[in-house]
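*Asks:* how would this look folded up:
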Amino acid sequence: MLKSKALVMLSGGLDSATCLYWSKLKFAEVSAITFNYYKRLRGEKKATIELAKSANVTNFFEINIPFIKEPDDFFNSHFYDIANRN
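*Replies:* The predicted structure follows:
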């Protein structure tokens, strides 16, 4: 019996594609999420959409985060400072 649900973060690369198809084998319902950050490559975005379609993902979420230029920008932000106050 398959476990109930999984959420896979898709980047458009090989690692996340592998995780997606592994999850399809192990879970009854697989959803996918991707993040559109500032100046994200169009090819990456297109790849995530195509991967989700080809894997018959029923729930595909795109989250726009244009205020983050690079993933590590989050750690140099006001949000990070607030979250890590002692």
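*Asks:* Going by C-alpha atoms from here, please, whenever you check contacts or count neighbours.
*Replies:* Fine.
*Asks:* Name the single longest strand found in the protein.
*Replies:* Secondary structure of the chain per DSSP state E: the longest strand is strand 27-37.
*Asks:* Mind listing what's buried along whichever strand or helix holds N64?
*Replies:* Assigned by DSSP states H and E, N64 falls within strand 59-65. Burial within strand 59-65, assessed by neighbour count using 16 or more other CA atoms under 10 Å, is assigned to F60.
*Asks:* other SSEs contacting that strand?
*Replies:* strand 27-37 (3 or more CA pairs under 8 Å, 6 or more residues apart in numbering; DSSP states H and E).
*Asks:* List the contacts of T34.
*Replies:* T34 sits next to M9, L10, S11, T48, F61, E62, I63 when contact means CA atoms under 8 Å, 6 or more residues apart in numbering.
*Asks:* let's go with 10 Å and repeat that
*Replies:* With contacts defined as CA atoms under 10 Å, 6 or more residues apart in numbering, T34 is in contact with 8-12, 44-45, 48-49, 60-64.
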